[in-house]
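[1] A structural model of the following input is requested.
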Amino acid sequence: MTKATVIVFPGSNCNQEAFDILEKIGFQTTFTWHKDELPQNCDLYFIPGGFSYGDYLRSGAIAGLGKIMQDIKKMAEQGRHIIGVCNGFQILTESKILDGALLRNECGHFLCKTVELQTVSKNSKFTQNIPTNITMQIAHGDGRYFCDDDTLKKLQDENRIAFQYAHNPNGSLANIAGIFGGKNNNVLGLMPHPERDLVRGTNGVQLFKSLFNLI
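    Got it, this is the predicted structure:
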């Protein structure tokens with residue numbers, strides 16, 4: 001049976017939704033508190049959304065310094081699959097596992113709605129079997145993706161832009177909604193919430209099914 005664990009920091013939320021959708025698909029799923037030892041035998045490591053440590057310094061900054069993120073980095077280097085959603089995406093950039101940064105929404109306020117996405121790269125197990133046009137829900141205040149010109153060119157040249165917004169809601173550079181990292185695009189940072197598919201009826205569940213050819 002494929003195994004997954006959901007990493008929980010102080011202030012995480014949507015961790016239960018992540019657990020539930022992974023269990024529904026067929027993963028043997030656990031929670032891992034950020035101070036506990038990271039399980040070494042998981043096929044998928046999920047870093048959920050929320051407001052880790054209250055986002056008091058910068059979204060994801062304190063969590064990104066934690067020992068468990070060094071362990072996650074080792075898992076990424078081993079080719080294990082890792083997904084960080086919303087605050088989890090922020091944590092992955094703060095820990096330098098993924099390139100770039102997430103800034104305050106251009107509109108200046110929190111956004112919560114269903115958005116249309118375009119699957120840009122299918123050069124990953126995360127996206128190999130999902131449609132080009134999909135919908136997911138966003139819920140963020142600091143979701144505007146940003147990087148320097150050299151990093152953007154690298155993402156484009158290496159086919160590491162996973163998703164773009166069809167109608168950019170937050171001012172993200174190049175409409176970026178998600179990017180890949182790792183040697184085999186085995187790390188995904190995604191601002192929209194695929195784990196909310198259970199209640200929202202969007203396409204998020206297909207992302208997890210794609211990972212293990214369950215579609």
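
[2] pretty sure Q164 belongs to a strand, no?
    Yes. According to DSSP: H, G, I helix; E, B strand; the rest coil, Q164 belongs to a strand.

[3] OK, contacts around it?
    Neighbouring residues of Q164 by CB atoms under 8 Å, 6 or more residues apart in numbering: 117-118, 120, 174-177. Where C-beta positions appear, they are placed from N, C-alpha and C, glycine not excepted.

[4] ok, now how distant is it from G100?
    For Q164, the distance to G100 (CB to CB, to the nearest Å) stands at 14 Å.

[5] Neighbour-wise, which one of the contacts of Q164 leads?
    A177 (29 neighbours; other CB atoms under 10 Å).

[6] In space, what's closest to that one - neighbours in sequence excluded?
    In space, and not counting its chain neighbours, A177 is closest to F163: 4.2 Å by CB to CB, 6 or more residues apart in numbering.

[7] my read: the one you found touches N175, true?
    No. At 9.0 Å, F163 does not count as touching N175 under the criterion of CB atoms under 8 Å.

[8] If we ignore the residues flanking it in sequence, what's nearest P192?
    M136 is the one closest to P192 (CB to CB, 6+ apart), at 3.7 Å.

[9] The contacts of Q164: which two are farthest apart?
    Based on CB to CB, the longest span within the contacts of Q164 runs between L117 and A174 and measures 13.5 Å.

[10] which residues in this structure form helices?
    15-25, 61-64, 67-77, 87-94, 149-157, 197-200, 204-211 (DSSP state H).

[11] quick one: buried residues of the last one?
    Going back to what we said before, that points to helix 204-211. 204-208, 210-211 (16 or more other CB atoms under 10 Å).

[12] helices and strands of the protein: which one bottoms out on pLDDT?
    The weakest-scoring helix or strand in the chain, judged by mean pLDDT, DSSP states H and E, is helix 197-200 (a mean of 64).

[13] Where does pLDDT dip in this structure?
    Per-residue confidence for the chain (pLDDT under 70) gives these ranges: 198-202, 213-215.

[14] try it again with 80
    Along the chain, segments meeting pLDDT under 80 span 1, 56-57, 197-205, 211-215.

[15] Which members of the contacts of Q164 are positioned in strands?
    Among the contacts of Q164, the members falling in strands (DSSP state E) are 117-118, 176-177.

[16] Help me confirm that P10 comes into contact with S52.
    Yes. At 6.7 Å, P10 counts as touching S52 under the criterion of CB under 8 Å.

[17] And those two? Which one has more around it.
    Shown here are P10 and S52; by other CB under 10 Å, S52 has more neighbours (29 against 14).

[18] Now for the more buried one: which residues touch it?
    9-12, 59-60, 62-63, 87, 91.

[19] how near is it to D71?
    Using CB to CB, we find S52 at a distance of 16 Å from D71.

[20] ditto for L57
    Separation of L57 from D71 (CB to CB): 21 Å.

[21] Those two: which is more packed in?
    D71 (17 against 13).

[22] Please tell me how far that one sits from G64.
    13 Å.

[23] swap in I161?
    For I161, the distance to G64 - CB to CB - is 22 Å.

[24] Having no further points to raise, I will conclude here.
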